[in-house]
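>>> sequence and predicted structure below; questions after.
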Amino acid sequence: MDSQNNTFGWVVGIIIVLLIILGVWWFAQGGAATPGGTATSTPEAATTGAPGTPVATATEVRTGSTVGAIVASLSGAGTFASLYASTGVAASVTGKGPYTVFVAPDSAFANLTAGTISKMTATQKKRLVQYHVVAGKMLDLDAVNSGTYTALSKDTLNFLVHPQTKLAYVNSGYTIKQYKASNGIVYVISAVLVPPQTPDAATGSTGTITP
């Protein structure tokens, strides 16, 4: 009987040891796996932010380039760059400055009502582009307080800087990237800046630009 008990005890002991070894192996292999056998992971949106979600503004220093050169070189901003040059605004934003230029990417122009730009007069196009430029001030996220600023179009822009994230909101848009140039700063922003509507003295028309 004692022999049988000893044998039974050894068997139980071996089983327990095997279970412990299997448990250690399972834990080492990433035991917190999903039922399908794939280890759990943090969704990308939780770490990088969902698409279109404002995050801290990235900064790139290009002090060897002017604001005009940076505007012309930006990828995905051909619509603004074309308007910037064709309306003559680029020719007026030269010299020491400083200047702050807000560039709306092609994706922002695509959000405008179809035909918005093509139906505008030359004067309206110029005013639209001028509304994206502040002359005589370099609105640096690290140095400038929130406030209202007069654009080249003589209209007022609202510039709101979050003190912790250094994300700036410009009217209905927000800054995506900041480029520091030799004569100012260029921002890529999330939306086209639409000038305030003002009635035409002769026709009473507001020359509406619909975002």
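Okay, I see it.
>>> contacts, neighbours, all on C-alpha from now
OK.
>>> select the helix or strand of this structure having the lowest average pLDDT value.
helix 44-48 (a mean of 26; mean pLDDT, DSSP states H and E).
>>> which other helices and strands does whichever helix or strand comes after it contact?
Using DSSP states H and E, the helix or strand that follows helix 44-48 in sequence is strand 58-61. Using 3 or more C-alpha pairs under 8 Å, 6 or more residues apart in numbering; DSSP states H and E, the elements in contact with strand 58-61 are strand 173-181.
>>> ok and the very next helix or strand once past the strand it packs on relative to strand 173-181, angle-wise?
Per DSSP H and E, strand 173-181 leads on to strand 184-189 as the next helix or strand towards the C-terminus. Angle of strand 184-189 versus strand 173-181, following axes from the mean of the first three to the mean of the last three C-alpha atoms, to 10 degrees, is 150 degrees.
>>> for strand 184-189, packing partners?
With contacts taken as 3+ C-alpha pairs under 8 Å, 6+ apart, strand 184-189 sits against helix 67-73, strand 99-103, strand 173-181.
>>> redo those as CSV? Include mean pLDDT and distance to Ile117.
Formatted as CSV, the helices and strands packed on strand 184-189 follow (pLDDT from 0 to 100; distance: least, C-alpha to C-alpha, whole Å):
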stretch, mean pLDDT, distance to Ile117
helix 67-73, 95, 19
strand 99-103, 96, 15
strand 173-181, 92, 18
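>>> pick the most buried one from those.
Neighbour counts (mean count of other C-alpha atoms under 10 Å) averaged over each of the helices and strands packed on strand 184-189 peak at strand 99-103, with a mean of 27.
>>> helix or strand right after that one?
Going down the chain from strand 99-103, the next helix or strand is helix 106-110, by DSSP H and E.
>>> quick one: name whatever helix or strand follows that next one.
Sequence order places helix 122-130 as the next helix or strand after helix 106-110, per DSSP H and E.
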